[in-house]
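Chemist: Just the structure for this:
(chains A and B)
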Amino acid sequence: GAVVSQHPSRVICKSGTSVKIECRSLDFQATTMFWYRQFPKQSLMLMATSNEGSKATYEQGVEKDKFLINHASLTLSTLTVTSAHPEDSSFYICSAAGTMGQYFGPGTRLTVT
Amino acid sequence: QKEVEQNSGPLSVPEGAIASLNCTYSDRGSQSFFWYRQYSGKSPELIMFIYSNGDKEDGRFTAQLNKASQYVSLLIRDSQPSDSATYLCAVNFGGMDSSYKLIFGSGTRLLVRP
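Modeler: Residues are numbered from 1 along each chain as shown, chains lettered A, B, ... in the order given. This next block holds a predicted model:
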């Protein structure tokens, strides 16, 4: 149980385009999901907390107009990186709050060329 | 500032030995604690959680919590090369509610030598 999926697993896009990443809890409902970013050999960095039916709460320093988060249902949250630039290239990971803690999706590796 | 501290390592142990990973946290009121394992290039995987003082065992893994010392550890018995990974300690400063954000340590890299 407590399986979280992410799609796509890997994406390459051109600078200036937008990319949407989906996070789904497959076998449980998650009123809260989290979005993280991780650069190579660095720790996880929490970007935002996503609550179903309400606006996301962004961490300090994260641009909410650049990283759009929508948590439309109890099993789906999306992160859209708008007007992506090479410095946005990173490993984006979502997690969903289950009964026994947070369960992570497999991650999405974004490369912006 | 709520903080979670871990030694970055690497911690190198021979196969079959006990690996001991340590973590300290800043907020005495914290109530729930988690250990995640992260292989290179992969996302974190939940290994164990612990809420109460003392030990909690699950297979080869034992989590130990000492709230008075604000210290949580993970012991891995009979270490295997496949245990080589980065181990992340995470603390829920908001209590027991998993919808509250976790504060992660920077992780300890474990290397198990064959």
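
Chemist: Can you name the residues that contact B:Ala17?
Modeler: The contact partners of B:Ala17, taken as CB atoms under 8 Å, 6 or more residues apart in numbering or on different chains, are B:79, B:112. Any C-beta I mention is one placed from the backbone N, CA and C, and that applies to glycine too.

Chemist: so what's the residue in chain B that chain A sits nearest to closest to, chain neighbours aside?
Modeler: Residue nearest to chain A within chain B (CB to the nearest CB): B:Ser99, separated by 3.8 Å. Ranked by CB to CB, 6 or more residues apart in numbering or on different chains and with sequence neighbours excluded, the top spatial neighbour of B:Ser99 is A:Thr32, at 3.8 Å.

Chemist: repeat for B:Arg77
Modeler: Closest residue to B:Arg77 apart from its sequence neighbours, by CB to CB, 6+ apart: B:Arg60 at 4.7 Å.

Chemist: close enough to count as contact, that neighbour and B:Met48?
Modeler: No: contact between B:Arg60 and B:Met48 fails when scored by CB atoms under 8 Å: they sit 10.9 Å apart.

Chemist: Settle it for me: which of those two has more neighbours?
Modeler: A side-by-side neighbour count of B:Arg60 and B:Met48, using other CB atoms under 10 Å in any protein chain shown, places B:Met48 first with 19 against 14.

Chemist: Report the strands that pair with the helix or strand hosting that one, each with its relative direction.
Modeler: Assigned by DSSP states H and E, B:Met48 belongs to strand B:45-50. The strands beside strand B:45-50 in its sheet (DSSP bridges) come out as strand B:32-38 (antiparallel).

Chemist: distance between the strand it pairs with and the chain's centre?
Modeler: From the chain centre to the centre of strand B:32-38 is a distance of 5 Å (CA atoms, centre = their mean, to the nearest Å).

Chemist: And for stretch A:90-109?
Modeler: Mean-position distance between stretch A:90-109 and its chain equals 8 Å (CA atoms, centre = their mean).

Chemist: quick one: terminal-to-terminal distance for that stretch?
Modeler: Distance between the two ends of stretch A:90-109: 6 Å, counting by CA to CA, to the nearest Å.

Chemist: Also stretch A:49-64?
Modeler: In stretch A:49-64, first residue to last residue: 12 Å (CA to CA).

Chemist: buried sites along it?
Modeler: For stretch A:49-64, a neighbour-count test (16 or more other CB atoms under 10 Å in any protein chain shown) marks A:49-52, A:56, A:58, A:62 as buried.

Chemist: With stretch A:42-50 instead?
Modeler: By neighbour count on 16+ other CB under 10 Å, the buried set for stretch A:42-50 is A:43-50.

Chemist: No more questions from me, cheers.
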